[in-house]
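A.B. asks: Build me a model:
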Amino acid sequence: MSRSRLPIALGTVAAGGIGYYLYSAGGSPKVAEKKFESDAHRAAAAIKGELPHRGVGAESEGKKYGQEAGAKIDSAVATANRDISKAKSETEAYAKAAKADALKKIDEIDRKVEEGAAKSKSYISSWFGSGNK
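C.D. replies: Numbering: from 1, shown residues only. Next up, the predicted model:
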């Protein structure tokens, strides 16, 4: 199996860059960091100087892409909220139906118990002679 040598090359370049800045700063990490930031700022300014209109275009493109991404996120959030609302209303309707069904079953059982009690009462009353005449 062949492995990519890119990670090793990038690690070597990074270690070399860190070593260069530490060596040029006399071993002080804070000074090396400041020198790196200075060089990075100088390089960015040179690039902007080479392409003066590119910076303005990139900024407007960035805003445009940011607005598009924001619109997509807003749309996704609205869709999610709509789906959640729909699921909530369906769940509430299901819960109401289940409650109504349970109450209906309880009423049926209660009615059967009452009918059974009435039959028992009339049957027991007939034993003692106080039946309905």
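A.B. asks: Can you list the neighbours in contact with the helix or strand in which Leu10 is found?
C.D. replies: Counting by DSSP states H and E, the element that carries Leu10 is helix 6-24. Residues external to helix 6-24 that are found in contact with it (Cβ atoms under 8 Å, 6 or more residues apart in numbering): 28-29, 32-33, 35-36. All C-beta spots, glycine's among them, are computed from the backbone N, C-alpha and C.
A.B. asks: helix or strand right after it?
C.D. replies: helix 29-50.
A.B. asks: tell me which strands and helices that next one is in contact with?
C.D. replies: Using 3 or more Cβ pairs under 8 Å, 6 or more residues apart in numbering; DSSP states H and E as the contact criterion, the elements in contact with helix 29-50 are helix 6-24.
A.B. asks: Report the distance from the helix it packs on to the chain centre.
C.D. replies: Helix 6-24 has its average C-alpha position 39 Å from the chain's average C-alpha position, going by Cα atoms, centre = their mean, to the nearest Å.
A.B. asks: List the buried residues in it.
C.D. replies: Judged by neighbour count using 16 or more other Cβ atoms under 10 Å, the buried positions of helix 6-24 are 21-22.
A.B. asks: Report the angle between that helix and helix 29-50.
C.D. replies: An angle of 110 degrees separates the directions of helix 6-24 and helix 29-50 when computed by axes from the mean of the first three to the mean of the last three Cα atoms, to 10 degrees.
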